[in-house]
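> 3D model of this:
(one chain, ligands or ions: 1)
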Amino acid sequence: MSESITVAGVSVDTRHWIGGRRVASAGTFTDHSPIDGSAVGEIARGGPDEAEAAVGAARDAFPGWAATPRAERARILHAVADGVEKRTEELAIVETTDNGALLRSHRRGVMPRVAHNFRFFADWLLRLDHEDFETRGHTNHVSWDPAGPCVLITPWNAPLMLATWKVAPALAAGNTVVLKPAEWSPLTASLLADIAAEAGLPAGVLNVVQGYGSEIGDALTSHPDVRRISFTGSVPTARRIAASAAANLTPLSLELGGKSPLLVFADADLDLAVDLAVEQYDNAGQVCLAATRLLVEEPVVEEFTRRFTEKASALRQGDPRDEGTDIGPTIHPRQLEKIDGFVQRALAAGARAVIGGHRKDGQYYAPTLLTDVAQDSEIVQEEVFGPVLTLQTFTGEDEAVRLADDTRFGLAATVATGDRERAERVTARLVAGTVWVNCFFVRDLQAPFGGSRQSGVGREGGTWSFDFYCDLKNTVTAPEGWDQDHG
Ligand code: NAD
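Okay, here's the model as predicted:
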C-alpha cells in the first residue's frame, strides 16, 4: 500500500500511528467520498495484532505521561490546539471530502470547536481541586489519579469533533489513548496524530488504529490492560462493546443514539419553532441530538406546517464544498439504503410525505417530513439517522410529555414555548440528557453531556469527564502521634 494519499491537496498518511511510528497492515480497506462516491484511498486495515501493538504502546507510555506535571500536560494540549488552528483549512476540506458534511460548518464551527476541546480540558485540568476532608483528626486527601490506557471509539458523523471530545480529557487526565475512528471517515484522526506529534506529545501517548469494528474492535475492548473505554455510536455496537468489556469489568462511557422530540406549543414564536425544526436537517440529519420528532400543538399545526414547508423547500442540497449548500450527501450507500428503507416502510404503512420521501441522485436524500404516523410505528420509535422528520400533534402539556417520552431513548429534547413557567414544568418532566428551551445545539463544555435510557451510560463534560477518566483515590493520614489502638 502507498503510505500517504493526497486529499484535496492535503497529504494524509493512511497507516496506523502506534508508539510514535507509522505502521502499515497487510490488508487495506477503501475509503470513499460521499460527495461523488469516488475512492479517496486505501487505508490500513487493522486487526488483533495492531490492537495489541497499540494497547502495548499506550501501556508503555503511561507511566511517563501520568507523571508529567499537570502544567506541562496542559502546555502540550494547548500546543495541539495551536496546531489544529494552524491547519483548520486542511482539516476542514479533508473532513468534508471524507464525511460529506458542509465545508463552511467545518471551517467556522467544527474545527474551532476541536481546538477548543483541547484548550478547555487543558485549562480545566489546572482547576481540578484536590479535596481534603477531616475525620477525628485524620486527613482524607482525595486525588484525581490517571487511570491508564483508554480505548476511544468514534463514529463518522462528526469524526474529529467527537474524537477530540474524548481524546482531550483523557490525555489531560494523564492517560494514554488508543483512538479508533470510524471506517467511513478515518482521515482526520490521522492528521490529528501528526499534529499531536508536532506539538510534542510523547510517543505512545496517543495512538490511532484504523479498521472495521468487527475486526479490530473486540481485541481493543476486551484487552486486560485497557482501563477505560469511551464509545460514541449506535446502540447495537454499544451492546457488543459492553459484553466484550465485561470480561475485565472495564469502565465504560457510552454516548449513543436518539429519537429526540421538538415540542412546539401554541404559544411559541412560530418562526423560531420553524427555524428550530428546519435546523434538524443539518448534516443531512446525521446528528445524534437531532430532534427528529416534531410534536406540534393542535391549534398551530396547520400554520406551522405551511411555514415549515416553505422554509424547508428553499434549502439547497448539493456539493458540501459550495458555500451556498445547506444539505450535503448521506455518508455511504448503505446509510442511504437504510434511510430509504425506513421511509418506504413508513409510507407503505400509511404515512404521508409532506415533503420529500425519496432519494435523489448520488448519495443524496431529499429532506423529508412524514405525517399520519402512529406513536408505536417504526418511523417514530427508531433512529433513522438521515434527513427524515415526523410530525405529530398533541393537545396540552400532559399529552406533549407523554408522546415526547415514549421511546426507549433519552438523549435530548427541545421545547418551543413563549411561557417560561410552562417551560419549567415541561422540562422538569422530560427524560433527556440535554433539554433546550427556544434554542438548539448550544452547549457549554463545563456541563454534563450524555443520554438517559438507551441513549447512553454515564456523562462526560467538565468535571464529569475527569470523573470518568480518573481513578479517584482517598488517602487517609493519621494525625501526628496517633495511636491506632487507643486513639
Ligand atoms: P456504529 O456503532 O456503527 O460505529 C461506531 C464506531 O464503532 C465505529 O468506529 C465502528 O468501527 C466501531 N465498531 C463497530 N463495531 C464494533 C465492535 N464490535 N467493537 C468495537 N468497535 C466497533 O455507529 P455509527 O453508524 O458510526 O454512528 C452513528 C450512531 O452514533 C448513531 O446511532 C448516532 O446517534 C450515534 N452518535 C451518538 C452521539 C452521542 O454523543 N450520543 C454522537 C454522534 C453519533
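
> any idea how far the spatially most central residue of the chain is from the ligand?
Residue closest to the average C-alpha location in the chain (CA atoms, centre = their mean): Leu162, at 4.1 Å. Distance, Leu162 to the ligand, using CB to the nearest ligand atom, to the nearest Å: 6 Å. In short, each C-beta sits where N, CA and C put it, glycine included.

> wait, that residue sits on Pro155?
Yes: Leu162 lies in contact with Pro155 (CB atoms under 8 Å); the separation is 6.5 Å.

> Identify the contacts common to these two.
Each of Thr232 lies in contact with both Leu162 and Pro155 under the rule CB atoms under 8 Å, 6 or more residues apart in numbering.

> mind listing what the one residue in the stretch 51-200 of the chain that gets nearest to the ligand touches?
Nearest residue of the stretch 51-200 of the chain to the ligand: Pro155, at 3.1 Å (CB to the nearest ligand atom). Listed by CB under 8 Å, 6+ apart, the contact set of Pro155 reads 162, 182, 232-234.

> What ranges does the stretch 301-450 of the chain have for its strands?
Along the stretch 301-450 of the chain, counting by DSSP state E, counting those that start in this stretch, strands occupy 352-355, 368-371, 388-394, 412-416, 434-437.

> for the first one, which positions count as buried?
In this case it means strand 352-355. 353-355 (16 or more other CB atoms under 10 Å).

> try stretch 222-231
Buried, per 16+ other CB under 10 Å, within stretch 222-231: 222-223, 226-231.

> and what of stretch 7-22?
So for stretch 7-22, counting by 16+ other CB under 10 Å, buried means 7-8, 10, 12-20, 22.

> what do you get for stretch 344-358?
Of the residues in stretch 344-358, those buried (16+ other CB under 10 Å) are 346-347, 351, 353-357.

> Given the helix-or-strand element of the chain with minimal mean pLDDT, what are its sheet partners and their directions?
Lowest by mean pLDDT, DSSP states H and E among the helices and strands of the chain is strand 131-135, with a mean of 91. According to DSSP bridges, strand 131-135 forms sheet pairs with strand 138-146 (antiparallel).

> what does the partner strand contact?
Contacts with strand 138-146, where a contact means CB under 8 Å, 6+ apart, come from 62, 65-66, 128, 130-134, 173-175, 466, 469-479, 482.

> following whichever helix in the chain runs longest, which helix or strand comes up?
When the chain is scanned for its longest helix (criterion: DSSP state H), the result is helix 48-66. Next in sequence after helix 48-66, counting helices and strands by DSSP states H and E, comes helix 70-86.

> any idea of the mean pLDDT in that following helix?
Across helix 70-86, pLDDT averages out at 98.

> do the same with stretch 18-34
Per-residue scores along stretch 18-34 average to 98.

> now do stretch 90-110
pLDDT averaged over stretch 90-110 gives 98.

> Would you mark the buried spots in that stretch?
So for stretch 90-110, counting by 16+ other CB under 10 Å, buried means 90-107, 110.

> Break this protein down into its domains, please.
Segmentation of the chain into domains, based on automatic domain parsing, reads 4-256+451-474, 261-437.

> and the longest one, how far out from the chain's middle?
Pointing back at domain 4-256+451-474 there. Relative to the chain's own centre, domain 4-256+451-474 is displaced by 11 Å; criterion: CA atoms, centre = their mean, to the nearest Å.

> What segments of the stretch 201-350 of the chain are helices?
218-221, 235-245, 270-278, 301-313, 333-348 (DSSP state H, counting those that start in this stretch).
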